[in-house]
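S.K.: need coordinates for the below:
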Amino acid sequence: MTAADLGPRPLDRHSPLPLWAQLRDDLRRRMEAGAFTEEFPAEHRLTGEYEVSRHTVREALRRLRADGLVIAARGRASRLDIRRIQQPLGSLYSLFRELENQGVEQRSEVMRLERTTDATAAGHLGLVPDAPLIVLERLRLADGEPLAHDTAYLPADIAEPLLDADFRHTALYEELLQRCGVKVTGGRERIHPFLPDIRQAWLLGLADREAAFSIERLGRAGERPVEWRETVVRGDRFSFVAEWSDASRAVELAPRASCPS
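M.R.: Below is the predicted model of the structure:
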């Protein structure tokens, strides 16, 4: 690999391909050649190297973030995204444990932990609109980078002891079991693309009008709803994984039982 392979190539001003797209493609080429392993160039350096405007650079970087190749966080320089968090579908999971199991340092910035009322959340939990709730709002960080903005509501009659918990580095379900004697045994989730509002985009370090995933979760302990959670998660750092098998074929390949004589 030569220095020329790692360096910038001139952009074609006469090409029908927009400059931001040419820049994105050349940055991707340089990444694949092994450039930027120690640091990713700042915007002002890229504008000088490629002789383009900052707007062009920002659009190229936005596309690279959307492709999951570059991470940009609040107040920090862009860097290559060498790890994508995976979440299983169709199973009860703890984001805290999933991150820890994948070797990712997990911590949270606790933004709210208090008694409150919320008619929408109470409705999901099967409670009257003014029922007292415990709300836990966190900014979830993975290896120091924003990953998800997470707000969970729980009935106050079972979750009051959570007000004494330190959620900077622990799992909600573990604290709920240890402090309240309540075990979440199942539930359902709805996942869909989502355009964060200004506050959520700022918290997660997303560019203007950059899409994310919205996850709505209703957790149950037995038949009782005990958790309504709304999570906005960065799409460039998160992927959903489902495992499946051909059960019908497995049955066909199973040995037939012999008929009794």
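
S.K.: can you give me the helices for the stretch 101-250 of the chain?
M.R.: All helices of the stretch 101-250 of the chain, identified by DSSP state H, counting those that start in this stretch, fall at 119-124, 156-159, 172-180, 198-204, 247-253.

S.K.: show me the contact partners of the third one.
M.R.: Taking contacts as CB atoms under 8 Å, 6 or more residues apart in numbering, the residues outside helix 172-180 that touch it are 94, 96, 136, 152, 154, 158-162, 164-165, 167, 182-184, 226-227. Yep, even glycine has a C-beta here, placed from its N, CA and C like the rest.

S.K.: of the residues you listed, buried ones?
M.R.: 96, 136, 152, 154, 158-159, 162, 165, 167, 182, 184, 226-227 (16 or more other CB atoms under 10 Å).

S.K.: would you point out which residue is most central in the protein?
M.R.: In the chain, the centroid-proximal residue (CA atoms, centre = their mean) is Val233; its distance is 3.4 Å.

S.K.: tell me the bridge partners for that one.
M.R.: Judged by DSSP bridges, the bridge partners of Val233 are Ala148, Phe213.

S.K.: so the nearest residue to Leu46 once chain neighbours are set aside is in which element?
M.R.: Counting by CB to CB, 6 or more residues apart in numbering, Leu46 lies nearest to Val57, which is 4.7 Å off, once chain neighbours are set aside. Using DSSP states H and E, Val57 falls within helix 54-66.

S.K.: how far off centre is that helix?
M.R.: Using CA atoms, centre = their mean, to the nearest Å, the mean C-alpha position of helix 54-66 is found 20 Å from that of the whole chain.

S.K.: okay, it in PDB with CA atoms only?
M.R.: Provided in PDB are the C-alpha atoms of helix 54-66 (Å, rounded to 0.1, in the frame of the first residue of the first chain):
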ATOM      1  CA  ARG A  54     -17.700  23.000   4.300                       C
ATOM      2  CA  HIS A  55     -21.300  22.300   3.200                       C
ATOM      3  CA  THR A  56     -20.000  19.700   0.800                       C
ATOM      4  CA  VAL A  57     -17.800  18.100   3.500                       C
ATOM      5  CA  ARG A  58     -20.700  18.000   6.000                       C
ATOM      6  CA  GLU A  59     -23.000  16.400   3.500                       C
ATOM      7  CA  ALA A  60     -20.400  13.700   2.700                       C
ATOM      8  CA  LEU A  61     -19.900  13.000   6.400                       C
ATOM      9  CA  ARG A  62     -23.600  12.900   7.000                       C
ATOM     10  CA  ARG A  63     -23.900  10.200   4.400                       C
ATOM     11  CA  LEU A  64     -21.000   8.200   5.900                       C
ATOM     12  CA  ARG A  65     -22.700   8.400   9.300                       C
ATOM     13  CA  ALA A  66     -25.900   7.200   7.800                       C
END
